[in-house]
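Asks: Need a 3D model of the sequence below.
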Amino acid sequence: MSKTVIITGASRGIGRAAALYFAAEGWNLAVCCRQNTAALETLRREAETLGVSCLTFTGDMGEWDSCVAFFSEIR
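Replies: Below you'll find the predicted structure:
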(Lines give C-alpha, C1' and ligand atoms only; values in the text may rest on other atoms or scores of the structure.)
Protein backbone atom coordinates (compact mmCIF):
# COMPACT_ATOMS: atom_id res chain seq x y z
CA MET A 1 0.00 0.00 0.00
CA SER A 2 1.40 3.40 -0.93
CA LYS A 3 1.37 6.23 1.57
CA THR A 4 0.69 9.90 0.87
CA VAL A 5 1.78 12.84 2.98
CA ILE A 6 0.10 16.26 2.76
CA ILE A 7 2.41 19.25 3.17
CA THR A 8 1.29 22.86 3.08
CA GLY A 9 3.80 25.65 2.59
CA ALA A 10 5.90 23.29 0.49
CA SER A 11 7.38 25.77 -1.97
CA ARG A 12 10.37 26.63 0.23
CA GLY A 13 12.05 26.23 3.59
CA ILE A 14 10.97 23.57 6.06
CA GLY A 15 7.95 22.54 3.98
CA ARG A 16 10.09 21.87 0.91
CA ALA A 17 12.70 20.00 2.96
CA ALA A 18 10.00 17.86 4.58
CA ALA A 19 8.49 17.04 1.20
CA LEU A 20 11.84 15.91 -0.20
CA TYR A 21 12.53 13.87 2.93
CA PHE A 22 9.23 12.00 2.63
CA ALA A 23 9.74 11.53 -1.12
CA ALA A 24 13.17 9.99 -0.46
CA GLU A 25 11.46 7.61 2.01
CA GLY A 26 9.00 6.51 -0.70
CA TRP A 27 5.93 8.53 0.29
CA ASN A 28 3.74 10.08 -2.41
CA LEU A 29 3.23 13.81 -1.97
CA ALA A 30 0.30 16.21 -2.00
CA VAL A 31 1.86 19.66 -1.65
CA CYS A 32 0.54 23.18 -1.78
CA CYS A 33 1.47 26.81 -1.29
CA ARG A 34 -0.32 30.12 -1.69
CA GLN A 35 1.41 31.61 -4.74
CA ASN A 36 4.61 30.01 -6.00
CA THR A 37 3.39 27.54 -8.62
CA ALA A 38 6.80 27.45 -10.32
CA ALA A 39 8.53 26.33 -7.11
CA LEU A 40 5.94 23.58 -6.62
CA GLU A 41 6.51 22.36 -10.17
CA THR A 42 10.26 22.20 -9.51
CA LEU A 43 9.54 20.22 -6.34
CA ARG A 44 7.22 17.89 -8.28
CA ARG A 45 9.94 17.13 -10.84
CA GLU A 46 12.47 16.44 -8.07
CA ALA A 47 10.06 14.15 -6.22
CA GLU A 48 9.20 12.21 -9.35
CA THR A 49 12.90 11.48 -9.96
CA LEU A 50 12.75 9.68 -6.61
CA GLY A 51 9.98 7.43 -7.94
CA VAL A 52 6.97 8.91 -6.16
CA SER A 53 3.95 10.83 -7.38
CA CYS A 54 3.45 14.45 -6.42
CA LEU A 55 0.20 16.39 -6.62
CA THR A 56 0.69 20.17 -6.56
CA PHE A 57 -1.89 22.80 -5.69
CA THR A 58 -1.65 26.57 -5.46
CA GLY A 59 -4.14 28.12 -3.05
CA ASP A 60 -4.61 29.60 0.41
CA MET A 61 -5.33 26.90 3.00
CA GLY A 62 -6.84 29.62 5.18
CA GLU A 63 -9.78 29.77 2.74
CA TRP A 64 -12.42 27.05 2.90
CA ASP A 65 -12.91 26.79 -0.88
CA SER A 66 -9.17 26.29 -1.46
CA CYS A 67 -9.06 23.56 1.17
CA VAL A 68 -12.01 21.75 -0.37
CA ALA A 69 -10.50 22.01 -3.85
CA PHE A 70 -7.09 20.74 -2.70
CA PHE A 71 -8.40 17.82 -0.66
CA SER A 72 -10.81 16.78 -3.41
CA GLU A 73 -7.80 16.21 -5.70
CA ILE A 74 -5.94 13.96 -3.25
CA ARG A 75 -6.45 10.24 -3.79
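Asks: What's the separation between M61 and F70?
Replies: 7 Å (CB to CB, to the nearest Å). To be clear about C-beta, it is placed using only N, CA and C from the backbone, and glycine gets the same treatment.
Asks: So the two - more neighbours on which side?
Replies: Counted by other CB atoms under 10 Å, M61 and F70 do not tie: F70 has more neighbours, with 21 against 16.
Asks: what sits against K3?
Replies: Taking CB atoms under 8 Å, 6 or more residues apart in numbering, we find K3 in contact with G26, W27, N28.
Asks: Swap in 7 Å and give it another go.
Replies: Contact analysis of K3 by CB atoms under 7 Å, 6 or more residues apart in numbering lists W27, N28.
Asks: Quick check: pLDDT value at it.
Replies: Confidence at K3, expressed as pLDDT, is 95.
Asks: Also the one 4 residues further on?
Replies: According to the prediction, I7 has pLDDT 97.
Asks: Surely it touches R16?
Replies: No - the criterion here is CB atoms under 7 Å, and I7 misses it with R16 at 8.5 Å.
Asks: what's the closest residue to C33 other than its chain neighbours sitting at in phi/psi?
Replies: In space, and not counting its chain neighbours, C33 is closest to S11: 3.8 Å by CB to CB, 6 or more residues apart in numbering. Note on S11: backbone dihedrals following degrees, to the nearest 10 are phi -80, psi -20.
Asks: Tell me, how many residues neighbour S11?
Replies: S11: 23 neighbours (other CB under 10 Å).
Asks: for F57, what are its contacts?
Replies: Listed by CB under 7 Å, 6+ apart, the contact set of F57 reads C32, F70, E73.
Asks: Pull the residues that contact the helix or strand harbouring the second one.
Replies: Same thing as F70. Using DSSP states H and E, F70 falls within helix 64-73. With contacts defined as CB under 7 Å, 6+ apart, helix 64-73 is touched by C32, L55, F57, G59, D60, M61.
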